[in-house]
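Peer 1: Quick one: sequence plus predicted model below, questions after.
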Amino acid sequence: MSALLEVRDLTTHFFTRAGAVKAVDGVSFDVAEGEVVGLVGESGSGKSVTGLSILGLIDPPGRIVSGSVKLSGQELVGLAPAKLRALRGQRLAMVFQDPMSVLNPVLTIATQMRLALEAHERVSNEAARTRSIEALTAVRIPDAAQRLDAYPHQFSGGMRQRVAIAIALLHRPALIVCDEPTTALDVSIQAQILTEMRGLVRDLGMALIWISHDLATVSSLASRIMVMYAGRIIEEGPTAAVLRSPRHPYSRGLLQSLPSRAEPGRDLAQIPGSTPSLLRLPEGCSFRPRCGEKTDVCLRMPEIERHGARAFRCHHPLAAEVP
Amino acid sequence: MLGFVIQRLLQAFVVMMVISFLVFLGVYAIGNPIDVLISPDADQRIREMVIRQYGLDLPLWQQYLGFLQRLVAGDFGRSFVFNMPVLELILSRLPATLELTLAAVLGATLLGVPLGMYAGYKPDGIASKLIMGLSILGFSVPTFWVGLVLIFTFAVILGWLPAGGRGDTVALFGVEWSFLTLDGLRHLFLPALNLALFKLAMMIRLARAGTREMMLTDTVKFARAAGESEWTILSRHVLRLIAIPLVTVFGLEFSSTLAFAVVTETIFSWPGIGKLIIDSISSLDRPVMVAYLMLVAFLFIMINFLVDIAYAALDPRLRVRRA
Amino acid sequence: MDQPLWRIWAEFRENRVAVGALVVVAAIALIALLAPLIAPQNPYDLASLVLMDARRPPGFVGSGGYMHILGTDAQGRDLFSAILYGLRISIQIGVAAGTVALVLGAVLGTSAAYFGGRIEAFIMRIVDLQLSFPAILLALTLSALLGKGMTQLVAALVTAQYAYFARTAHGAASVERSKEYVEAALSTPLPAYTVVFRHILPNCLPPLIVVATVQIANSIALEATLSFLGLGLPPTEPSLGMLIANGFQYMLSGRYWISIYPGIALIVLIVAINLVGDQVRDQLNPRLKR
C-alpha cells in the first residue's frame, strides 16, 4: 500500500538578485496515513520551505524547481491551480507559526471560518455557525458560541492558535502540516496545545507533519523524526531510536545541546560554527566545516543510506548502539 | 462606540472654536475690521454707523462675543462685489462645487481601487506596468494643464463637449442640481474628469501598494492554505484590509479635491465656490474671503470627523483604545 | 541606512525607466543652470521685447535676427528662452521650498519625538491639523496675504509642505527613540543634541528622502498652479505656470504653442522627478523586501 504522502527529490530554490538560494535541495520522504512525523532543524535548514512546498504556497522569487509530491498517488507539483486549490483545506491543511499575523484582524472569527468552509462547500449561514462552534469546541475554546463573533485581537495567543487549528480541521483533511505552531507561545500553553493535538490526531486519524527547531516538543508528539540541515534530510528514523542513538554528528550535537534534567548545572554543549548561508554552500557535505568526524572523503556529498527504518546521510556515521 | 463618537465630536467642536478665535484675531485684532465690513470707498458717516453697529469701539472680548453671535446667526456680512449677504452667496454656489467634487471623487475611487488592486495583484504584468505608467502621468501633471488639454481636445478640436459652464439644472430638495439633466451631464463630464484624474492616480497607487504588501502576508498564505479562491482572498480579505488606509486617504482627498476644484472651476468657468474665491481674491472682496475660510475650515473638520468614525468602524482594534 | 551606497545604486540601475528619468532631470537642471548662456533672449529684459513679434508661430524669424524655434508669446517673448528661464525658476523654487520644508519639518518632528510628553502632543496636534488642510488652499491664502514675489512664494510653499516632513520625521524618530541603542546613548554624558543628530536623525533619512522627492515635484506643480491663477510671481518674471495662463486665451483660436510648449516642459520635469522618486521609494520600503 503506498503512503499517503510521497515526496521525491523535492527541490525549491529562491532566485534572488544575489543568486539562487537552495532552500530545499533534493528532499525525499513518505508519510503514512495517520502517522505523526517530526521535521526538525535550525532556522534556515529548509524545514518551513519544505512544508510550504508541499502545499504549493511558495511565492516568487521562489519556485519548486524539480521533484514530486504525491498525495494518495496524485501529483501536486505542477498541478493546475484550480485543482490544487480544491485540495488545500480539504485534503491538505497548514498551521503557521504566528497566529496573530495569520488571522485577519478586521474580520470576525465567524466570518473567517465561514470563508474557509465556503471555499469547498455550499453552506447556509446556520450550518456554517453550527460547524464553526463544533470546531471551536473541539479545540477547547470555552464559550464557543459567543467567541465566534469576536475579533482575533480579543483572544490570547494560545487561543488564536487554537482557532487557526480549528480552521485547518474544518474539512477533516487527511494531512496537516504544522510549521512551528507553538514556538510563539508560552511554554505552558505549548504543553496544552501539544496534548490537544495528540488527542485530535488520534481521534480524527489525520497524518501530521510537525515542523520545529525544538527536539523536545517534537519528540513528545511524533512517532518518526526527520532531521534537516542546509536544505537536505540528514537523518531519519523512529523517534525513540534517533534520540537514543543518533547516527549523524549533527543530530548528536542537537541532542547534546538540549538542557537535561538528569544533569542539572552542566554547561550547555554547542555545535561549533554556524549554519552555512544557503547561497554559498560548502563543497561536499554541508555539515563538514562544523563536524568533528570529518575527513577528506567528506568533500563528496554523501548519499542517503537506509538500514531498515533508519536512514542517514553521512560518510562517518556514529556507531549504532546495540538496543 | 458611542463614547468614541462623542469624544470626537467634542474635539471637533474645540477645533472649530480655536479656528474661529484665530480668524477673529486675524481680522479684528491684527487687521482692520472696517475693511472686512464695508467697502473701502464708503464715506465717513457710514463708517461711524458701522463702527457703532458692530461695536468696533468696544473692548476686544466683547467684540469676540459679538463675532461669535453673528457667526451662529449666519451673518458673515455682505459681499462688496455682489452686494448680497455672503452666506447666501456662498450657499447658492455650493451645490455646483459639491456636485463636481462628488462626481470626481466617486469616479476616481470606483475606477481607481479595482485598477490599483489588479496592478498590485500582478505587479509584473504588462497591464500593471501600463496602469502604473498612466498613474504617474495623472499624478504629476498639474490639474490646470490637464484641463487645458481636455478643453483643447474635446471642445476645440473634436467639438464633442462644451468648453465650460454648467448645464441645465433641475431642482431637488429645493437645490439646483445639474447631474439630473443630460445637458448638465455633458457639461459636468470634462471638469469632473479633470478633477478626478489626480485622485484616480493616487487611488491606483495606494491600492496597488496596499495590495502588493497584503499579498505577501501570512493572512493571505493561510487563506490560500484553506483553499480559498484568489477572488475571495482579494475581495474579502485584501480589500477589507486596505480599506482602512484607503478610507483615510479618501476623506483627506475629499477635502483636497474640494480645494483643487478652485483650479478646475476657473478653467471651466464652473460657477462654484472655487471660482468665487479666486474672483474675490482678485477683486479684494474681503467678506467673502473670510467667510470662505471659515466655511472651508468647518467642512474640513466635519470631514475629518467622519473619517475618524469610519476608521473606527472599519478597524475593530481601534474601538477598544481611547485614541 | 543599512544598505551600502553602491548597492542602492546598483539596484537603482536595474530600472531603466528610473535611470532615464534621472538623466532627464539632470539634463534639465543643467540646461536651467546654463539658461543665461543658451537662451537667445533674456525674457526679463523688457526692453528686448518687440511687440510686433508677438504671437508668432514656431519657426518665425524675429526682429532680433534669430529664429524663434518655439514661437513667441503675447508680449513678444521668445518662447524657447522663456521656457528655459521658467524651468530655472521652477527648479529653484522646488528645491528651495523642498529643502527648507525638509529641514523645518525634520527638526520639528524629531524634536517632538525626542522630547515626548506635552511638547510632542502639542507639536503633533498642530502638524496634524495642518495636514488635513489642503496644501493648495494654504498656499493660496498665504500668497494672497503676502503678495507676489519669490520669497513670499517659497514661504507659502514651505508652510504648506513642512507638515508632511514633520509627520514622517516624527514617525521614524519615534521608532528609533524606543530602540535600545538610543537608551544606551542617552545614558552616556553625551549632550542631547548629539544623540539626536548623530544617531536618531540618520536613521530617519530614508523616509524623509522619499517624501522630499515627492514634495519637490509637488512644489513645482503648486508654484505653476499658483502662477496660473495669477498669484505667486510678478508678471515680469514669467514662470511656466504664468506662460501657460497667458496663452490660455489663444488656445481657443488655434495659437496653441503659447500654452502647449511651456506645458510640455513642465510635465516632463515633474514626471521625471516623480519617476526617480518612485524608484527611490520602492527601494527604501522595507516591507517590500523579499
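Peer 2: On my side now, so go ahead.
Peer 1: Touching, A:V106 and B:A313? I think so.
Peer 2: No - the criterion here is Cβ atoms under 8 Å, and A:V106 misses it with B:A313 at 10.5 Å. (Glycine included, C-beta is placed from N, CA and C.)
Peer 1: which of these two has more neighbours?
Peer 2: Legend: neighbour count by other Cβ atoms under 10 Å in any protein chain shown for A:V106 and B:A313, higher for A:V106 (18 against 13).
Peer 1: My assumption is that that one lies in a strand; please confirm.
Peer 2: No - per DSSP: H, G, I helix; E, B strand; the rest coil, A:V106 lies outside any strand segment and is coil.
Peer 1: The helix or strand hosting B:S20 and chain C, any residue contact?
Peer 2: Using DSSP states H and E, B:S20 sits in helix B:2-24. Yes - contact of helix B:2-24 with chain C (Cβ under 8 Å from any Cβ of the partner chain) involves B:V15.
Peer 1: who does that helix touch, helix- and strand-wise?
Peer 2: helix B:60-73, helix B:286-314 (3 or more Cβ pairs under 8 Å, 6 or more residues apart in numbering or on different chains; DSSP states H and E).
Peer 1: Distance from the longest one to the middle of the chain?
Peer 2: Distance of helix B:286-314 from the chain centroid (Cα atoms, centre = their mean, to the nearest Å) equals 9 Å.
Peer 1: Going by neighbour count, list what's buried in that helix.
Peer 2: B:286-297, B:299-301, B:303-305, B:307-312, B:314 (16 or more other Cβ atoms under 10 Å in any protein chain shown).
Peer 1: Then stretch B:126-145?
Peer 2: B:128, B:131-132, B:135-136, B:138-145.
Peer 1: Quick check: the farthest pair among those?
Peer 2: B:S128 and B:F144 (29.3 Å; Cβ to Cβ).
Peer 1: one step back: near chain C, list only the ones from the buried residues of helix B:286-314.
Peer 2: Answer for these near chain C (Cβ under 8 Å from any Cβ): B:289, B:293, B:296-297, B:300, B:304.
Peer 1: Out of those residues, name the two that are farthest from one another.
Peer 2: B:M289 and B:N304 (22.6 Å).
Peer 1: ok, back up a step: the helices and strands packed on helix B:2-24 into a markdown table, with extra columns for distance to chain A and mean pLDDT?
Peer 2: Output for these, formatted as a markdown table (distance: least, Cβ to the nearest Cβ, whole Å; pLDDT from 0 to 100):
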| stretch | distance to chain A | mean pLDDT |
| --- | --- | --- |
| helix B:60-73 | 40 | 75 |
| helix B:286-314 | 7 | 77 |
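Peer 1: Can you check which of those helices gets nearest to A:E6?
Peer 2: Of the helices and strands packed on helix B:2-24, nearest to A:E6 by Cβ to Cβ is helix B:286-314, at 45.8 Å.
Peer 1: between the closest one and helix B:2-24, how many degrees?
Peer 2: Inter-element angle recorded for helix B:286-314 and helix B:2-24: 160 degrees (by axes from the mean of the first three to the mean of the last three Cα atoms, to 10 degrees).
Peer 1: any idea how far the longest helix seen in chain C is from the chain center?
Peer 2: Scanning chain C for the longest helix, with DSSP state H as the assignment, gives helix C:79-115. Averaging C-alpha positions (Cα atoms, centre = their mean) puts helix C:79-115 5 Å from its chain's average.
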